[in-house]
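>>> Fold the following for me, if possible:
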Amino acid sequence: MDLVTALARARTDEPPGPDTPAGPAVPDWPGPARELPPAAPGRLDPSRLLRLSLAASDPAGRLRPTPSAGALHPVDARLVVGDGCSLPPGRYGYDPLRHRVHHLGPAPHHTPPGVTVELTVTPQRTQSHYGHRAWPLLLLDTGHATAALRLAAQAIGYPRPGLHLDGSTEHPLAAVYVPPPGAERQSSAAERPSREEDRPAPQAAPPTPTDLLTRRSAPPPLAGTPARDDLRHVLAVAEAAGAGRLRWCAAVGEPEPQLVEMAPDGTLRRLAAGEARPTLAVWAAGQRWLADAGAVLLAYGCPSDADAPRIRGDHLHAGHAVGCAQFAAARRGLAARPVGSWQRADLGAALGGPPHQNWIVHGLALGAGRPEKRTS
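Down below sits the predicted model:
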């Protein structure tokens with residue numbers, strides 16, 4: 001698969017063809033299914049980690065703690081398990097519909113203690129509905145899965161899991177490493193250095209299991225302009241989780257339509273004056289409801305001449321960052337919905353810059369929602 005060509009075609013306004021069969025929702029893992037045993041004190045519990053991040057909560061497999069374009073969930077997970085876990089060391093395929101694992105073989109030599117969740121995709125699931133527009137969505141979905149795993153790790157007591165999001169590999173596309181309790185984090189075989197840890201995120205209380213199991217993307221309409229401090233907070237979370245791979249801004253509506261971005265001092269500043277949301281609605285596969293959203297957070301960059309590793313890395317980071325920002329928005333009582341499909345969305349050129357350099361990669365629509373108790 002030529003990812004450069006696939007992305008260029010996905011960015012055009014060519015409509016996708018008719019729907020095709022999505023195929024099985026889970027890989028045909030070999031061998032019998034095994035239960036994920038509960039963990040004894042002092043050992044990592046992969047069952048809780050996966051239940052709070054990737055497991056389905058309905059028989060059809062659509063309802064999960066991580067969002068997916070069209071609820072098609074193309075991301076597949078393999079576990080590389082070392083010492084210190086409730087599962088014996090080895091490699092396992094994960095079935096999110098039944099919350100079971102299949103033993104695939106022994107763990108590689110020098111596997112660190114804990115578990116590394118390696119993420120790949122089954123393209124057919126997303127291509128069945130989105131056709132040639134699928135590959136950016138596949139990468140964004142994978143990034144969202146890493147955000148779900150990161151939040152789940154925080155909920156079970158490990159605040160800084162190791163992340164592999166640099167786009168350097170196709171198999172796996174991404175990985176998240178979580179050590180056992182009390183262990184010093186080591187680099188797993190799948191992990192590469194990530195700039196994610198170089199950028200501090202705004203301080204927040206760790207997620208609770210209830211937070212993660214009940215979070216859902218809000219259905220349109222997402223009305224009401226978020227308070228400026230809420231918007232600043234969500235934008236700061238996205239920038240920190242995005243690790244500097246992309247630029248970030250937000251289109252806001254009333255009382256003064258404009259594009260805003262983070263200033264170096266942490267405040268919001270105007271990037272451009274005027275109403276951008278109707279144009280964004282056209283660019284986002286004609287989703288007209290976006291023109292009335294309270295605000296639209298945007299990640300942009302990934303130029304047309306980007307090679308495959310950069311395309312993978314930029315989209316993985318964008319999905320990861322929007323996943324973290326969506327949770328931060330919910331914590332502030334905001335309605336939030338990711339927006340992943342963008343066509344002809346050359347935001348850099350629209351702002352007067354050179355063409356083909358700063359395309360919209362991902363978005364998060366926000367609405368003021370209902371007043372709720374906030375956790376900062």
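>>> For C302, grab the count of nearby residues.
For C302, the neighbour count with other Cβ atoms under 10 Å is 25. Yep, even glycine has a C-beta here, placed from its N, CA and C like the rest.
>>> which SS class is the nearest residue to G253 once chain neighbours are set aside?
Nearest non-adjacent residue to G253, counting by Cβ to Cβ, 6 or more residues apart in numbering: T225, 5.3 Å away. Following DSSP: H, G, I helix; E, B strand; the rest coil, we place T225 in the coil state.
>>> Give me the buried positions along stretch 218-225.
A218, P220, L222, G224, T225 (16 or more other Cβ atoms under 10 Å).
>>> Actually, stretch 28-38.
With burial defined by 16+ other Cβ under 10 Å, the residues of stretch 28-38 counted as buried are W29, L36.
>>> Ok, stretch 49-67 next?
In stretch 49-67, counting by 16+ other Cβ under 10 Å, buried: 49-56, 61, 64-67.
>>> Which members of those occur in strands, if any?
Here DSSP state E is the test, and those give no hits in strands at all.
>>> Make CSV from those and add pLDDT and distance to G82 to it.
Formatted as CSV, the buried residues of stretch 49-67 follow (pLDDT from 0 to 100; distance: Cβ to Cβ, whole Å):
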residue, pLDDT, distance to G82
L49, 97, 14
L50, 97, 16
R51, 96, 20
L52, 96, 20
S53, 97, 19
L54, 97, 19
A55, 96, 22
A56, 94, 26
G61, 77, 29
R64, 90, 26
P65, 87, 24
T66, 92, 24
P67, 92, 30
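>>> could you redo those as CSV and give each row distance to G352?
Formatted as CSV, the buried residues of stretch 49-67 follow (distance: Cβ to Cβ, whole Å):
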residue, distance to G352
L49, 46
L50, 46
R51, 48
L52, 44
S53, 41
L54, 42
A55, 46
A56, 46
G61, 45
R64, 41
P65, 40
T66, 37
P67, 33
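>>> Out of those, which comes closest to P113?
P113 has its nearest neighbour among those in L49, at 14.3 Å by Cβ to Cβ.
>>> And for A183, the neighbour number?
Neighbours around A183, by other Cβ under 10 Å: 17.
>>> Just the pLDDT for it.
pLDDT, A183: 77.
>>> can you tell me how far it sits from A236?
A183 sits 30 Å away from A236, going by Cβ to Cβ, to the nearest Å.
>>> repeat for A336
Going from A336 to A236 by Cβ to Cβ gives 15 Å.
>>> Those two: who's more crowded?
Neighbours per residue (other Cβ under 10 Å) separate A336 from A236, with A336 holding more: 28 against 20.
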